[in-house]
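# Requesting a structural model of the entry that follows:
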Amino acid sequence: MDGTLLRSTASIEISKVSGNMAIAEEIEENWLLGRITDIQFWQQCLPIWADMTEADIDHAFLNAPWIDAVQDVFADIARRGERSVVISQSPEFFVRRFTSWGAHGAFGTGIEIGIEPHEDMLLSADDKVTIVQDLLLQYGLGANDCVAYGDSTSDVPLFRWLPNTVAMNASPQVRELASVEYDGLDLREAYEIGLSLISGRAVS
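The predicted structure is shown next:
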């Protein structure tokens, strides 16, 4: 989600609303530089969100800088009788709001405000593969029926496993693994590329 659908990160957008933007930016930088672990990242974020309400999270989600046409694409997927699912390492309490935009499912890191985070709450890169495999089994589909869109290293295992993948504004490692690439800020354009993969008309 972060970097794919969102031109920011969930932690930054939540922290904007909580009034702790500068602290969140420092936490993000330390995590990106490898100075803190994933669990330490959440241990530092959750206290600065302690006073956030559901309405505050709604505000953060609705006012975040999403790329264009996210809801339009979810609607078209539903119209086609297909399913859209968002899987992210961002907090599930943020990610699940995609279901109000038409996504059929949303999965994220299971942390909660006011609860001490622990390792079992985290959603790993390998978990993304497991979630997709479980969903395909549930829906009676195969890997060839699925298209994944992603941008970061957490998408690498999924891009290695699935045959149809779209790298969106992605890191070099993800681009190398992807079936096709997209650079831009309109999900409709990336979605059309993804559709071409499963219709056998891949574009470059």
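# Can you pull out the residues in contact with the top helix by length along the chain?
Criterion DSSP state H: the longest helix present in the chain is helix 125-139. The contact list for helix 125-139 (Cβ atoms under 8 Å, 6 or more residues apart in numbering) reads 83, 85, 87, 105, 107, 142-143, 145-146, 148, 153-158, 161-162. Any C-beta I mention is one placed from the backbone N, CA and C, and that applies to glycine too.
# Out of those residues, which end up buried?
83, 85, 87, 105, 107, 146, 148, 154-158, 161-162 (16 or more other Cβ atoms under 10 Å).
# Correct me if wrong: Arg83 contacts Phe74.
No. Between Arg83 and Phe74 there is no contact under Cβ atoms under 8 Å: 9.9 Å.
# Widest-spaced pair of the buried ones among the contacts of helix 125-139?
The distance between the two most remote of the buried ones among the contacts of helix 125-139 (Cβ to Cβ) is 23.3 Å, for Arg83 and Val156.
# State the number of residues packed around the residue nearest to Thr109 when sequence neighbours are not counted.
Closest residue in space to Thr109, ignoring its immediate chain neighbours: Leu123 at 4.7 Å, by Cβ to Cβ, 6 or more residues apart in numbering. Neighbour count of Leu123, defined by other Cβ atoms under 10 Å: 23.
# that's a strand at Leu123, yeah?
No. Using DSSP: H, G, I helix; E, B strand; the rest coil, the assignment for Leu123 is coil, not a strand.
# neighbouring strands for the lengthiest strand in the chain, and are they parallel or not?
When the chain is parsed with DSSP state E, its longest strand is strand 85-91. Take DSSP bridges as the rule and strand 85-91 pairs in its sheet with strand 105-109 (parallel).
# how far out from the middle of the chain is the partner strand?
For strand 105-109, the separation from the chain centroid amounts to 8 Å (computed by Cα atoms, centre = their mean, to the nearest Å).
# Need the contact partners of that strand.
1, 42, 83-99, 121-123, 131, 135.
# what mean pLDDT does the longest strand of the chain have?
Taken as a whole, strand 85-91 has an average pLDDT of 98.
# From Phe107, how far off is Glu189?
As judged by Cβ to Cβ, to the nearest Å, Glu189 and Phe107 stand 25 Å apart.
# Which strand or helix spans Glu181?
Glu181 is located in strand 180-182, with elements delineated by DSSP states H and E.
# helices or strands up against that strand?
For strand 180-182, the packing partners by 3 or more Cβ pairs under 8 Å, 6 or more residues apart in numbering; DSSP states H and E come out as strand 165-168, helix 187-198.
# what about this structure, any weak spots by pLDDT?
200-204 (pLDDT under 70).
# Break down it into its helices, ranges please.
Along the chain, counting by DSSP H, helices occupy 10-18, 21-32, 38-48, 54-62, 70-79, 92-95, 125-139, 156-161, 172-177, 187-198.
# Right, I'll leave it there.
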